[in-house]
Structures are given as structure tokens and as C-alpha cells.
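Asks: how would this look folded up:
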Amino acid sequence: MNKLDTESKRFITTGLFFVFTGIIIGAFGAHGLKTLGVSEQDAYSFDTGVRYLFYNGLGMLAIAGIREKLDFLLRFNFWMICYGTILFSFSIFALVFLPFLGIQISAILGPITPIGGSLMLIGWLTLFIKALLLKST
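Replies: This next block holds a predicted model:
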């Protein structure tokens with residue numbers, strides 16, 4: 001059995017979880033949203049949340065695949081991308097579904113979505129900058 005360093009394992013397991021969750025939630029969205037009477041705009045927002053789960057999950061898997069070529073820590077980047085994805089995608093899912101349960105907290109959840117997006121951007125941008133600063137051989 002192969003052994004992984006902690007950072008690679010964290011990226012792989014989280015990336016796989018995001019992709020798996022994106023498939024489940026995306027399937028529900030594709031088949032269940034219409035039966036709930038979700039508006040076209042809400043369905044589009046929901047799809048955006050699903051896509052970002054996939055994008056970041058696949059991105060994390062890609063980072064795990066090249067991890068041995070990087071000579072810097074990824075802890076900060078991982079947590080920014082992870083928390084950003086969770087806040088972004090799951091706040092959108094909650095904004096679409098909670099009204100059907102009679103729960104109106106869009107004033108609280110609405111601002112969380114851009115915070116999540118900002119965290120994702122910080123995680124990916126700082127990773128990009130770190131990669132630019134790597135010395136070539």
C-alpha cells in the first residue's frame with residue numbers, strides 16, 4: 001500500500017468528497033428541483049453551487065497529483081479553498097432549499113456566498129503566486 005504525506009491525503013480525500021457530493025447534489029438538482037417548483041434563477045444558482053463543488057474538487061485532486069513537485073506548504077491554500085467551497089456552494093444550496101421548509105434566513109446566508117467565493121479566490125491566487133515563485137531547474 002502506498003503512503004501519502006498529510007497534505008496530499010487531505011487534498012485527495014477532500015477533492016473526492018467534493019466530487020462525490022457534487023454528483024449526489026447535482027443529480028437531485030437535475031431531477032428534483034422542478035418538482036419543488038424552484039424558479040429558473042434559483043435552479044441556475046443551484047447549478048453554480050454544484051459546478052464549484054466539482055471545480056474545486058477536481059482542482060484539489062490535480063494539486064495532489066503534482067504535490068511532490070512543489071516545495072512549499074499548502075495548508076493555508078487547502079483551508080481557504082476548502083472553507084471557501086463549503087461556504088459558497090452550501091450557502092447557495094441552503095438559499096434555494098430553506099424557503100421550502102419555511103425558513104427565511106437569506107439576510108444571513110446571502111452575504112456568506114461572496115465570502116466563500118473570496119476565500120476560494122484567496123486560496124487559488126496565493127497558490128498561483130507560490131507556483132510562480134518556484135525556481136525552475
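Asks: where does this structure dip in pLDDT?
Replies: Applying pLDDT under 70 to the chain picks out residues 1.
Asks: would you list every one of the helices in it?
Replies: In the chain, the segments counted as helices under DSSP state H are 6-36, 40-66, 75-97, 106-109, 112-132.
Asks: how long is stretch 62-75 end to end?
Replies: 16 Å (Cα to Cα, to the nearest Å).
Asks: most centrally placed residue in this structure?
Replies: Taking Cα atoms, centre = their mean, the centroid of the chain lies closest to residue 85, which sits 2.9 Å from it.
Asks: dump the residue contacts of that one.
Replies: Residues in contact with residue 85, defined by Cβ atoms under 8 Å, 6 or more residues apart in numbering, are 18, 52-53, 56-57, 116, 120. In short, each C-beta sits where N, CA and C put it, glycine included.
Asks: What of residue 118?
Replies: With contacts defined as Cβ under 8 Å, 6+ apart, residue 118 is in contact with residue 84.
Asks: measure it to residue 36 for me?
Replies: The gap separating residue 118 from residue 36 is 30 Å, by Cβ to Cβ, to the nearest Å.
Asks: for residue 91, same thing?
Replies: From residue 91 over to residue 36 (counting by Cβ to Cβ), the distance is 18 Å.
Asks: ok, these two, which is more surrounded?
Replies: For residue 91 versus residue 36, neighbours defined as other Cβ atoms under 10 Å are more numerous around residue 91 (22 against 12).
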